[in-house]
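Asks: Next one to model:
(chains A and B)
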There are 2 protein chains.
Amino acid sequence: MTDINPDDKDVSEHVRISRRKFLGSSAILAGAATTGAAAALLTPAAQASTGNSSATVELGELDEYYGFWSGGHQGEVRILGIPSMRELMRIPVFNVDSATGWGLTDESKEVLGENAPLNGDCHHPHMSMVDGRYDGKYVFINDKANNRVARIRCDIMKTDKITKIPHVQAIHGLRVQKVPYTKYVFANAEFRIPHPNDGRDIDSPENYRTMFSALDAESMDVAWQVIVDGNLDNTDCDYTGKYAYSTSYNSEGGVDLVGTMRDERDHLVVFNIKRIEAAIKAGKFTTLPGSDVPIVDGRKGSKLTSYIPVPKNPHGINTAPDGRYAIANGKLSPTATVIDLHKLDDLFAGKIKPRDTVAAEVELGLGPLHTAFDGRGNAYTTLFIDSQICKWDIEKAIQAYNGKKVNYIKQKLDVMYQPGHNHSTMGETRDADGKWLISLCKFSKDRFLNCGPLHPENDQLIDISGDEMKLVHDGPAFAEPHDCMMVHRSKVHPRKIYKRDDPSFATTVARAKKDGVILEQDNKIIRDGKKVRVYMTSIAPTYGMNEFRVKQGDQVTVIVTNLDQIEDVTHGFCLVDHGVGMEISPQQTASITFTADRVGVHWYYCNWFCHALHMEMRGRMLVEKA
Amino acid sequence: MTDINPDDKDVSEHVRISRRKFLGSSAILAGAATTGAAAALLTPAAQASTGNSSATVELGELDEYYGFWSGGHQGEVRILGIPSMRELMRIPVFNVDSATGWGLTDESKEVLGENAPLNGDCHHPHMSMVDGRYDGKYVFINDKANNRVARIRCDIMKTDKITKIPHVQAIHGLRVQKVPYTKYVFANAEFRIPHPNDGRDIDSPENYRTMFSALDAESMDVAWQVIVDGNLDNTDCDYTGKYAYSTSYNSEGGVDLVGTMRDERDHLVVFNIKRIEAAIKAGKFTTLPGSDVPIVDGRKGSKLTSYIPVPKNPHGINTAPDGRYAIANGKLSPTATVIDLHKLDDLFAGKIKPRDTVAAEVELGLGPLHTAFDGRGNAYTTLFIDSQICKWDIEKAIQAYNGKKVNYIKQKLDVMYQPGHNHSTMGETRDADGKWLISLCKFSKDRFLNCGPLHPENDQLIDISGDEMKLVHDGPAFAEPHDCMMVHRSKVHPRKIYKRDDPSFATTVARAKKDGVILEQDNKIIRDGKKVRVYMTSIAPTYGMNEFRVKQGDQVTVIVTNLDQIEDVTHGFCLVDHGVGMEISPQQTASITFTADRVGVHWYYCNWFCHALHMEMRGRMLVEKA
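Replies: Numbering: from 1, shown residues only, chains lettered A, B, ... in the order given. Take a look at the predicted model:
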């Protein structure tokens, strides 16, 4: 080991971090016990089973938790098994997926809408709840790139609704109402724009505003929007159902980097849901061109909101499972701010000032971004700049903030490197069980085999079931597991094959009925002018049709119904050289539309391996001159 | 355990397999030692380190092998670390990728071509070789869905060339020339079509033909094509550089399932590369409309090819690392056919008959699909229907075929379930090291947490370093890891940051030069009628431009050059609500073109986490009325 000063700014970040890791300096400086961090760094994965919890999932055994992982700007949602950290499934959402035909099939286009962009940037997957507990019904996810919110049905693990949020840019923070049930999905828009954004006020950034939106979780319509000051970042809500709150940076209204960093404090904006609903019911709202979503004014001074000053460009906001506290993470301040949620009623009653809700504001380390909970009174905060997880005691932090000489920091664990979100098993619900923590590290540096200039992220699994955090797994991940959540398997019960009345292909079923076609048995062609609908069944290893004949220029829709009833016998339909491919799982119907633009013989084949004679499962589209 | 007969057809496949597994009946029937299979089934992953090789990769340690995994009909190539089985990187190829902007950026569109389909179906990734050993330069991959072959540069792990193969449908089998070096990439087209496919012969399937194609590995042009009989399936080549050979099924010329299964034998078609080259040099070729690729006739009776009869709808063809034998896998026959490659000279000299090249034809079990090698004389064949890997001794199989009473089968190992391809570490080269074997299982059934009707595949890792195969890992995978290969890390040396003269953005560099722009320092706008080029730099956490101004209807190209030089500091450029997003890794230049179709303020932001102030890295596109 060469003699490198980890604080030498001319040394690469990478080397400094490695060096710091070796010295354990950050942990020492923070006054925490160093044994945990140092021990974890030297703990091989193989020793996980000798730790507090076992990270070993034996061959053929099932994981204990479903992990729902954001694919970030990759656009999908991923299901991981926890603690094995194996990726079990990809759920296409804001991306195009060649395997399932997401973005290609008629059914997926119905969800995505006309002229859907080919990209997305999803951040925060959250499951619907009843009384502060996961109900296993839906997972919601935002799209920052194109202002959307999507819903995944957990019975089939497919996206069933996507809503474009009007009047805003960059839907970033997303959470669901916890109590009494997920009536609303809360979505922050980050960037401030003119309203309407029709060319006015381009050069008057002081007139730019952004909005907080609430979607109806069942209809997925936008229920209402709230105009706010500042840029909205992350959001969460309480366990009474009365309040939601979002971190807000750029109180300064800046449009460049320096402008957004001037002030030492920005805000946590608290939304009074009942008052907002009452205002709308009373007609006290406006609308903007292009939608009839009711919009209320929640800027500073409004009775609908309250702005609690917190330091500085705050990022994550996380409600503790006890329902008493929410933690705002300082990002550009080394602090976390503990908000006493029990004081929000008094705040809105005008009995106290916003800062009176602050139960504690304590130093944790550099770059606090997000906090997770174990249900035993501990908080786990990611320190982006320090590349650490700080474990701290909330009650002791409050005591320290009130002047008592106590050490609220229990441990700092080095992670590799630069963690953004973290999440604990069941930690955003009343059922927080304190078994596993995930640290989603933005950089992996040389932690994995070099795969070129683009590096994987590193999703690290940490055992938090004992007194000390123990790092047990490095999980390389393609960009970008922005956030995740982990749900006990007892809460999730997907179907193994489709029901024939599944709503995901209801439109196709209705069209077949109109065409007089019985999907479960018919193999026939319906011609409707230049539109041709080719209905066929599939059962391994054959399609119901070995060939079909169309004219050049026909707009052809192929509708396939998979009659197989055996779990896992998914078929595909791929038409060579036409950009046509899709999944048809057992008892599913799927359809895809294309133009038969070239005469000649064009083969289609099953592209989902289904049988020993899978290669032979195919047929011909014969295209004749029109 | 209830009393279930595993051969009862009314019992679900799943239950039958489980039951067979319990009974070990298949292994017993085959006469193999049952201890291996039974033991492996009961061996937990945790015991891997007590096996022959250690599957444990300690925290922070690197994997020993790069695994290149086909993404199948998902369209990408994946890099896995072996033996950890962690997915390290996704390489977009025939898919659209929102994170990197593959399919969206100008640079990727240059590779993909105009109006590229949004789907693909890639099967066989193979690395370029010199003298039968991996050279770490390229990985090639086919697209069955849209008749393409792509090349991945292993220095940056990005796709740099895609070639559309003319006159054929469904490019399936793909391998590279092993010796003296990878001059050619061999690509099988599977489906038979009329030539030209212009409407003629639609109803005369007897006139349909398919072709074998050879691409120049450097230029990626199609060097020549060979018309053949039957449907081509998989391909491989020898260690002299003289011969390539492809399995061919459907000798019958059928166009439905029954028609393709009538005959008991189909063929291994051997291509005499020197004779084909000579024929083309002598001008003895034809062309077809739409390309000038020379086409030779290699149908039965041609001197350029030889058709070796092998049973039945054969699938995989695999050359042993000793260079002496190639194994054709019977699929609908329970046999593997061992071809003595040393006899091919005599075959083409007319001294022997095609079947005289068969050194052995031995029973292995039901549904043999592919064979891998350990370099110690053993072959490992996937048995699709039996859900097993059969380990057998090639020399003993030859002895048995010649009448000697020897047991050539060493072990049968149950895999979960229905394996397609398998691959051993370095096993398709002279460097076969017999450490690890992958079984790519098509079905996972209930092997993982239930994620809905669509199930993951199961990529299983098997330790083959000792006398017995040991199953050590279940790897769930999104559709469809069709095939894979594993390369020792000593062979692969990717760059950590881009060189400024990287050819992947050479066109963009040339355009900048024409515009008088120095990419590494300039932030400026070039207007060229309605075309606007916005050149900007990026260095964490800022873009070189906080804003730029265009007119409604302008066709805008944003060109970003990432000046960061620190490994892993990738930036993104995402323009909200315009379907615009891309990766710019350290020292890379990337560009993307779109229409500024809406007036107003439109924010762009960095979508690759780069810095503590990443959220603040953004700017405004101000669109004014034209």
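
Asks: Residue A:395: which element?
Replies: Taking DSSP states H and E as the criterion, residue A:395 maps to helix A:394-401.

Asks: So what touches that helix?
Replies: When contacts are defined by C-beta atoms under 8 Å, 6 or more residues apart in numbering or on different chains, helix A:394-401 is touched by residues A:320, A:325, A:327, A:336, A:338, A:359-362, A:377-379, A:406-408. C-betas here are computed from N, CA, C, even on glycine.

Asks: Now, of those residues, which are buried?
Replies: A:320, A:325, A:327, A:336, A:338, A:359-362, A:378-379, A:408 (16 or more other C-beta atoms under 10 Å in any protein chain shown).

Asks: Out of the residues you listed, list just those in helices.
Replies: Taking DSSP state H, every one of those sits outside helices.

Asks: Spatially, which two of those residues are the most separated?
Replies: Across these, no pair lies farther apart than A:361 and A:378, at 18.0 Å, counting by C-beta to C-beta.

Asks: Mean pLDDT per helix and strand in chain A: which one sits at the bottom?
Replies: Taking mean pLDDT, DSSP states H and E as the measure, chain A has helix A:34-42 as its least confident helix or strand, at a mean of 28.

Asks: picking up where we left off before, are there helices or strands packed against the next helix or strand after the helix holding residue A:395, and which ones?
Replies: Next in sequence after helix A:394-401, counting helices and strands by DSSP H and E, comes strand A:409-414. Other elements packing on strand A:409-414 under the criterion 3 or more C-beta pairs under 8 Å, 6 or more residues apart in numbering or on different chains; DSSP states H and E are helix A:25-29, helix A:34-42, strand A:388-393.

Asks: domains for chain A, by residue range?
Replies: Structurally, chain A divides into domains by automatic domain parsing as follows: A:62-381, A:503-624.

Asks: got CSV for these, with mean pLDDT and distance to chain B too?
Replies: As requested, the domains of chain A are arranged in CSV below (pLDDT from 0 to 100; distance: least, C-beta to the nearest C-beta, whole Å):
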stretch, mean pLDDT, distance to chain B
domain A:62-381, 97, 3
domain A:503-624, 97, 3
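
Asks: To what extent is the closest residue to chain B within the stretch 301-450 of chain A buried, counted in neighbours?
Replies: As assessed by C-beta to the nearest C-beta, chain B sits closest to residue A:442 within the stretch 301-450 of chain A, at 4.2 Å. A count of nearby residues for residue A:442, using other C-beta atoms under 10 Å in any protein chain shown, gives 27.

Asks: That one touches residue A:417, doesn't it?
Replies: Yes: between residue A:442 and residue A:417 there is a contact under C-beta atoms under 8 Å: 7.5 Å.

Asks: if I pick residue A:331, what's in contact with it?
Replies: Applying C-beta under 8 Å, 6+ apart, we find residue A:331 in contact with A:249, A:312-315, A:367-369, A:384, B:612.

Asks: Just give the nearest non-adjacent residue to it, would you?
Replies: Leaving aside its sequence neighbours, residue A:331 sits nearest to residue A:315 (C-beta to C-beta, 6 or more residues apart in numbering or on different chains; 4.2 Å).

Asks: Let me know the secondary structure of that neighbour.
Replies: Put simply, residue A:315 is coil when judged by DSSP: H, G, I helix; E, B strand; the rest coil.

Asks: quick one: it and residue B:615 touch, right?
Replies: Yes: contact criterion C-beta under 8 Å: residue A:315 and residue B:615 qualify, at 7.3 Å.

Asks: If you count contacts, what does the helix or strand where residue A:581 lies end up packed against?
Replies: Using DSSP H and E, residue A:581 sits in strand A:580-584. In terms of contacts (3+ C-beta pairs under 8 Å, 6+ apart), strand A:580-584 is packed against strand A:555-562, strand A:571-575, strand A:589-595.

Asks: Repeat the analysis, applying 7 Å as the threshold.
Replies: Under the contact criterion of 3 or more C-beta pairs under 7 Å, 6 or more residues apart in numbering or on different chains; DSSP states H and E, strand A:580-584 touches strand A:571-575, strand A:589-595.

Asks: Go through those and pick out the most buried.
Replies: Ranked by mean neighbour count, the helices and strands packed on strand A:580-584 are led by strand A:571-575 with a mean of 28 (mean count of other C-beta atoms under 10 Å in any protein chain shown).

Asks: Quick one: residues contacting residue A:605.
Replies: A:574, A:617-618, B:170 (C-beta atoms under 7 Å, 6 or more residues apart in numbering or on different chains).

Asks: just checking, which of those residues belong to strands?
Replies: A:574, A:618, B:170 (DSSP state E).

Asks: For the second one, grab the count of nearby residues.
Replies: With neighbours defined by other C-beta under 10 Å, the count for residue A:618 comes to 27.

Asks: In space, what's closest to it - neighbours in sequence excluded?
Replies: Residue A:618 sits nearest to residue A:605 (C-beta to C-beta, 6+ apart), 3.9 Å away.

Asks: Name whatever forms a beta bridge with that neighbour.
Replies: Under the criterion DSSP bridges, residue A:605 forms beta bridges with residue A:574, residue A:618.

Asks: Quick check: residue A:310 touching residue A:328?
Replies: Yes: counting by C-beta atoms under 7 Å, residue A:310 touches residue A:328, with 4.6 Å between them.

Asks: buried set for the longest strand along chain A?
Replies: Taking DSSP E as the assignment, the strand of chain A that covers the most residues is strand A:133-143. Residues A:133-134, A:136-143 are the ones in strand A:133-143 that count as buried (16+ other C-beta under 10 Å).

Asks: What of stretch A:398-414?
Replies: A:398, A:400-401, A:408-414.

Asks: cool, and stretch A:563-583?
Replies: For stretch A:563-583, burial by neighbour count (16+ other C-beta under 10 Å) applies to A:563-564, A:567-583.

Asks: how about it as PDB, C-alpha atoms only?
Replies: What follows is stretch A:563-583, C-alpha atoms only, in PDB (Å, rounded to 0.1, in the frame of the first residue of the first chain):
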ATOM      1  CA  LEU A 563     -54.400 -22.900 -25.400                       C
ATOM      2  CA  ASP A 564     -51.700 -24.500 -23.300                       C
ATOM      3  CA  GLN A 565     -52.700 -24.800 -19.700                       C
ATOM      4  CA  ILE A 566     -49.400 -26.000 -18.300                       C
ATOM      5  CA  GLU A 567     -47.500 -23.400 -16.200                       C
ATOM      6  CA  ASP A 568     -44.500 -21.900 -18.000                       C
ATOM      7  CA  VAL A 569     -45.500 -23.000 -21.500                       C
ATOM      8  CA  THR A 570     -45.300 -19.600 -23.000                       C
ATOM      9  CA  HIS A 571     -45.400 -19.300 -26.800                       C
ATOM     10  CA  GLY A 572     -44.200 -16.500 -29.100                       C
ATOM     11  CA  PHE A 573     -45.200 -15.200 -32.400                       C
ATOM     12  CA  CYS A 574     -42.300 -13.700 -34.500                       C
ATOM     13  CA  LEU A 575     -42.700 -12.800 -38.100                       C
ATOM     14  CA  VAL A 576     -39.400 -12.700 -39.800                       C
ATOM     15  CA  ASP A 577     -38.100  -9.300 -41.000                       C
ATOM     16  CA  HIS A 578     -41.300  -7.400 -40.100                       C
ATOM     17  CA  GLY A 579     -40.300  -6.100 -36.600                       C
ATOM     18  CA  VAL A 580     -43.000  -8.400 -35.200                       C
ATOM     19  CA  GLY A 581     -42.600 -10.500 -32.100                       C
ATOM     20  CA  MET A 582     -44.600 -11.100 -28.900                       C
ATOM     21  CA  GLU A 583     -45.200 -13.300 -25.900                       C
END
